[in-house]
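**Student:** no sequence for this one, just the structure:
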Ligand SMILES: NC(=O)C1=CN([C@@H]2O[C@H](COP(=O)(O)OP(=O)(O)OC[C@H]3O[C@@H](n4cnc5c(N)ncnc54)[C@H](O)[C@@H]3O)[C@@H](O)[C@H]2O)C=CC1
Ligand SMILES: C[C@H](O)[C@@H]1OC(=O)[C@H](O)[C@@H]1O
């Protein structure tokens, strides 16, 4: 069953990892897709090609989500290509692991700007378009298990993920009257570019696996079902919710 037939889905940070899997997963469910991407033209092009091979339309729009101008441009290009925006997956993010006491100001600033400010601008721009269309819409933000628990080398990162989670709660209230649903997914540890170096440490990787009741770390594709579900009419009475997608890691104290 295709859950997003005829929908237009926009995904930030869509050329790699979770965003790419979500973009291609949405296309498999019948959506036309616009991806925002930061740097690699080749990866963005290959994502577009993969979506087109599924028989759906796709565009890639380059832009830094930390720049407030990027959000308006991304939404406008999506509307220009497909006529409307039904779903935004706000996913772009960075996690430059670093110790707390000597954390560079620039690293804190950049992480906040990309992960939290970027999500804010994108969610606001998509919501403005959805309100103008007058037929509701859906926003799914990629927060993290890190919205709920800390990380020694993530003191600049975990607050942004708590912020994204909180943004979805407040946006759900602000936008409910317009029929726009806002939810977040909270991935656990998913094997992507963002943590390739961190998990190159075999001992750390084995420890993270051992903490996961389902016995393995996640793959980007593990997020597709939860994101597509929240984006679809199957979740039509779900808003302001947060869905952990972590193989059980969060509940595993001892
Ligand atoms: N991999 C993991 O274990 C987890 C990841 N997440 C979140 O998932 C999201 C996606 O990350 P992953 O797929 O894991 O890693 P990834 O590195 O493959 O994906 C992040 C994407 O965001 C893009 N991006 C970074 N800065 C950007 C900017 N300024 N403007 C536009 N795009 C930008 C990157 O180019 C990349 O395509 C992030 O928000 C991350 O915080 C959340 C929980 C766990
Ligand atoms: C990048 C990390 O491996 C990953 O990011 C998150 O949000 C998770 O909590 C993991 O720490």
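**Tutor:** Cool, the structure landed. If you're wondering where the values come from, they're calculated on a predicted model, not measured in any experiment. Ligands and ions are numbered 1, 2, ... in the order given.

**Student:** ok, the residue in the stretch 1-150 of the chain that ligand 2 sits nearest to - how many residues close by?
**Tutor:** In the stretch 1-150 of the chain, the residue that lies nearest ligand 2 is residue 144 (3.1 Å; C-beta to the nearest ligand atom). To be clear about C-beta, it is placed using only N, CA and C from the backbone, and glycine gets the same treatment. As a burial measure, residue 144 scores 29 neighbours (other C-beta atoms under 10 Å).

**Student:** contacting residues for it?
**Tutor:** By C-beta atoms under 8 Å, 6 or more residues apart in numbering, the contact list for residue 144 reads 158, 161, 164, 186-187.

**Student:** again, but for residue 199
**Tutor:** Contacts of residue 199 (C-beta under 8 Å, 6+ apart): 189, 191, 205, 208, 217.

**Student:** go again using 7 Å as the cut-off
**Tutor:** 191, 205 (C-beta atoms under 7 Å, 6 or more residues apart in numbering).

**Student:** any idea how far residue 212 is from it?
**Tutor:** According to C-beta to C-beta, to the nearest Å, residue 199 and residue 212 sit 13 Å apart.

**Student:** can you give me the helices for this structure?
**Tutor:** 17-28, 41-53, 68-82, 105-112, 118-133, 158-175, 202-210, 224-231 (DSSP state H).

**Student:** is any part of the least confident helix or strand in the chain by mean pLDDT close to ligand 2?
**Tutor:** Least confident element among the helices and strands of the chain, by mean pLDDT, DSSP states H and E: helix 202-210 (a mean of 95). No. Between helix 202-210 and ligand 2, judged by C-beta under 6 Å from any ligand atom, nothing touches; the nearest distance is 8.1 Å.

**Student:** do that helix and ligand 1 meet at all?
**Tutor:** No. Using C-beta under 6 Å from any ligand atom, helix 202-210 never reaches ligand 1; the gap is at least 9.3 Å.

**Student:** heads up, I number from 20, so please use that
**Tutor:** With the count now opening at 20, the last piece we talked about shows up as helix 221-229.

**Student:** list the buried ones in that helix?
**Tutor:** 224, 227-228 (16 or more other C-beta atoms under 10 Å).

**Student:** repeat for stretch 190-199
**Tutor:** Neighbour counts over stretch 190-199 (16+ other C-beta under 10 Å) mark 190-191, 194, 199 as buried.

**Student:** got the contact list for that stretch?
**Tutor:** Contacts for stretch 190-199 (C-beta under 7 Å, 6+ apart): 142, 146, 149-150, 155-156, 158, 200-201, 258-259.

**Student:** select only the buried ones of those in ChimeraX?
**Tutor:** ChimeraX command restricting those to the buried ones, with burial defined by 16+ other C-beta under 10 Å:
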select :142,146,149,150,156,158,200,201,258
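
**Student:** just the contacts of stretch 190-199 that are near ligand 2?
**Tutor:** Answer for the contacts of stretch 190-199 near ligand 2: none qualify (C-beta under 6 Å from any ligand atom).
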